[in-house]
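S.K.: Fold the following and give me the result.
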Amino acid sequence: MFHEFAETFRHTVSLRLDVLRKHLQSSGQDHAQVQLEPEIKAVMLEMLANNFFGAEISYEQLRHRYIPALERMIEHIVRDTVVNKLGIPVWMLPSFTRRISQARADQACFEELTDLVLATRKDRKGLWKQFKSDAPDEALRSNLKVFLAGALEATTSYASWAISHLARNPTAQEKVFEAVKEIHVYTPENLDRARYLGHVLDETLRLTPSLYFLPRRATADTWVESADGRKLLIPIGTHILLDIWHANRHEDHWGVQATGYPAIEFVPERWAEMAALGRGSKEILHFGFGHGPRVCPGKHLGQLEVGLVVGAFVKMFRFKAVNPENLAKAGVSTKPSDGTLVDLELR
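M.R.: So this is what the prediction gives:
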């Protein structure tokens, strides 16, 4: 299954490379300054829509029509969750303002994209041929929309952060290149053997997780007892936020004594150190995909997608961050504040 996925991705990347080569040739330069986040987002949506679901949507349509609509939709969802007192989504309101008109147009665009990936089901294109269910199409729409918007947002964040960190760490970048340079077939097994790439991705999720908190609500009165015997009552109905961002940077759990390196620094080597110390998987949880019964169902697909994108990118390019600081911006997910702005050149 993944072999087909990787082959169509290879075709996608080949087309992008041709555009870049022509640009460099016409400009007479050997490098280009590129903001990578929009490009990563386009590749990620193309992987989902065309590679995964078997649709045939052009890059221009994805980049200039569907992605802007999805971005605005996600922004509306976040804003409405916080400030909407009526509980009515903005795109369901009459078009009193330009903002509402745009929201309604974006919602229609999102429905159109959902139609395109759902239409391939009847011909069992893409990975629909693996889908064993007699559920009617309409029963799948809401899940597909979460898949398209949520997976696009989270995997773009994940890949953008990984490349952003490597752009500020040339030594780690070259180590990733050494790990992937002989990979010609991007199978899960080959990606697993690229150990240092795996450490980079783990460190990326630890230090800069896509989702910086996990929201929950208590469904029963619950007593929590700490290791030193203190107790705390969480009443039913209480909203609870697991603060992933700060938990993953806590010195007691991820710092020098626990891992050999400061908790707030990007150091992929800490994962090899912890493995050498025999630290078990439950001791080094970073909650990048959540954990337990509500772990992200797209975890393994997301890891494969990001491993594929980051591994292929390092194999093809040398790149350096334009801005020295790697600051964060936060919306529904976290992303590098400069949009992953890099100077890059073909290897």
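S.K.: Which parts of the stretch 1-150 of the chain are helices?
M.R.: 2-27, 36-46, 59-61, 67-83, 98-119, 137-167 (DSSP state H, counting those that start in this stretch).
S.K.: which one of those helices lies closest to residue 304?
M.R.: Taking CB to CB as the measure, the helices of the stretch 1-150 of the chain were each checked against residue 304, and helix 2-27 came out nearest at 6.5 Å. Where you see a C-beta, it was placed from the backbone N, CA and C, and this is true even at glycine.
S.K.: and the closest one with helix 36-46, angle?
M.R.: Interaxial angle, helix 2-27 versus helix 36-46 (axes from the mean of the first three to the mean of the last three CA atoms, to 10 degrees): 140 degrees.
S.K.: So what's the gap between helix 2-27 and the chain middle?
M.R.: Taking the mean C-alpha point of helix 2-27 and that of its whole chain, the gap between them comes to 21 Å (CA atoms, centre = their mean, to the nearest Å).
S.K.: Count the neighbours of the residue lying closest to residue 125 once chain neighbours are set aside for me.
M.R.: When the adjacent residues along the chain are set aside, residue 125 lies closest to residue 54, with 2.8 Å between them (CB to CB, 6 or more residues apart in numbering). For residue 54, the count of nearby residues is 20 (other CB atoms under 10 Å).
S.K.: pretty sure residue 54 contacts residue 127?
M.R.: Yes: with contact taken as CB atoms under 8 Å, residue 54 and residue 127 are classed as touching, separated by 7.4 Å.
S.K.: And for residue 237, the neighbour number?
M.R.: When neighbours are defined as other CB under 10 Å, residue 237 has 10 of them.
S.K.: Confirm for me that residue 63 is in contact with residue 38.
M.R.: Yes: contact between residue 63 and residue 38 holds when scored by CB under 8 Å: they sit 7.3 Å apart.
S.K.: re earlier: what would the helices of the stretch 1-150 of the chain look like in CSV with mean pLDDT, distance to residue 215 and mean neighbour count?
M.R.: Rendered in CSV, the data for the helices of the stretch 1-150 of the chain read as follows (pLDDT from 0 to 100; distance: least, CB to CB, whole Å; neighbours: other CB atoms under 10 Å):
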stretch, mean pLDDT, distance to residue 215, mean neighbour count
helix 2-27, 76, 31, 13
helix 36-46, 90, 24, 22
helix 59-61, 90, 34, 13
helix 67-83, 75, 10, 16
helix 98-119, 90, 23, 16
helix 137-167, 91, 14, 21
